[in-house]
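In: Sequence plus the predicted model coming up.
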Amino acid sequence: DTGVSQDPRHKITKRGQNVTFRCDPISEHNRLYWYRQTLGQGPEFLTYFQNEAQLEKSRLLSDRFSAERPKGSFSTLEIQRTEQGDSAMYLCASSRDRGFTDTQYFGPGTRLTVL
Amino acid sequence: AQSVTQLDSHVSVSEGTPVLLRCNYSSSYSPSLFWYVQHPNKGLQLLLKYTSAATLVKGINGFEAEFKKSETSFHLTKPSAHMSDAAEYFCVVSLNSGYSTLTFGKGTMLLVSP
């Protein structure tokens, strides 16, 4: 169990550029979540995958955001035409379906700065 | 709908003294409750969770929390603070039914002085 990993850890981009983040969940975890954390706030839910299927999306996830999880393993989160308001920490979490409330394990996050 | 209110944005204690971080929740259904800790430049780490079993939950590093339904509270305590406990703590609620998205409080920064 090597934990959830995220890449890159930091990303600085100019407004209008596209960025893509990657998340590798704990192996055999079939559930994967993306959250966003802004300064001084707790993380907010963005989207959820069960295996390769994206089952829930927050209204925070505008049309400029897209997430994928091909083959039910790693996941990518892409932001198109970045805006300064997108600057935040993007967190990935994974869990294993145990038929009851699962425990989510978080990665270290990707900190995005949009100039 | 569910929500969490952490009553203090900052708590300062001296090393060796007790810690109390307060959390109140609101949930339409029977909730699961969690406390996560976030150290600078590190990921969120689960301290403990409540899922309708024993109301007093013991976690890692000497932390524990008590679920009080009548008060809709889930306060986090530790008998004796250590310098390494300095971090941000998040109270979290989710629906007690399989997968569920987490709803976080705004966090409480714990400061520990020597």
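Out: Right, received. Where do you want to start?
In: Skipping its backbone neighbours, what lies nearest residue 7 in space?
Out: No chain specified, so I'll use chain A. residue A:22 (4.8 Å; CB to CB, 6 or more residues apart in numbering or on different chains). Just so you know, the C-beta spots here come from the backbone N, C-alpha and C atoms, and that holds for glycine as well.
In: meant chain B actually
Out: Closest residue to residue B:7 apart from its sequence neighbours, by CB to CB, 6+ apart: residue B:22 at 4.0 Å.
In: Pull the contacting residues for that neighbour.
Out: Residues in contact with residue B:22 (CB atoms under 8 Å, 6 or more residues apart in numbering or on different chains) are B:6, B:7, B:8, B:73, B:75, B:108.
In: about what we covered before: got the contact list for the residue nearest to residue A:7?
Out: Neighbours of residue A:22 in contact, by CB under 8 Å, 6+ apart: A:6, A:7, A:74, A:75, A:76.
In: Could you name the specific helix or strand carrying it?
Out: strand A:19-24 (DSSP states H and E).
In: Of all the residues in chain A, which one is nearest chain B?
Out: residue A:42 (3.0 Å; CB to the nearest CB).
In: ok now do that residue, which residues does it touch?
Out: Counting by CB under 8 Å, 6+ apart, residue A:42 has contacts B:4, B:90, B:92, B:104, B:105, B:106, B:107.
In: Looking at the residues you listed, which is nearest chain A?
Out: Of all the contacts of residue A:42, chain A sits closest to residue B:104, with 3.0 Å by CB to the nearest CB.
In: phi, psi of the residue nearest to the closest one when sequence neighbours are not counted?
Out: In this structure, residue B:104 finds its nearest non-sequential neighbour in residue A:42, 3.0 Å apart by CB to CB, 6+ apart. Dihedral pair for residue A:42: phi -80, psi 160, per degrees, to the nearest 10.
In: Report the beta-bridge partners for the residue nearest to the spatial centre of chain B.
Out: Centroid-nearest residue in chain B: residue B:35, 3.3 Å away (criterion: CA atoms, centre = their mean). Beta bridges link residue B:35 to residue B:48, residue B:91, judged by DSSP bridges.
In: and it, how far is that from residue A:10?
Out: Distance, residue B:35 to residue A:10, by CB to CB, to the nearest Å: 27 Å.
In: Residue B:86 now?
Out: In terms of CB to CB, residue B:86 sits 23 Å off from residue A:10.
In: Pick out whichever of the two has more residues nearby.
Out: residue B:86 (17 against 10; other CB atoms under 10 Å in any protein chain shown).
In: For that one, which residues are in contact?
Out: B:110, B:111, B:112.
In: So which of those is the closest to residue A:26?
Out: residue B:110 (27.4 Å; CB to CB).
In: Excluding chain neighbours, give the residue nearest to the spatially most central residue of chain A in space.
Out: Nearest residue to the geometric centre of chain A (CA atoms, centre = their mean): residue A:34, 3.2 Å. Using CB to CB, 6+ apart and skipping the chain neighbours, the partner closest in space to residue A:34 is residue A:46 (4.2 Å).
In: pLDDT score assigned to that neighbour?
Out: Reported pLDDT at residue A:46 in the predicted model: 94.
In: Buried residues, the helix or strand bottoming out on mean pLDDT in chain A. List them.
Out: In chain A, no helix or strand scores lower on mean pLDDT, DSSP states H and E than strand A:53-57, which sits at a mean of 90. Using 16 or more other CB atoms under 10 Å in any protein chain shown as the test for burial, strand A:53-57 gives residue A:54.
In: centre of the chain versus it, how much separation?
Out: Offset of strand A:53-57 from its chain centre (CA atoms, centre = their mean, to the nearest Å): 12 Å.
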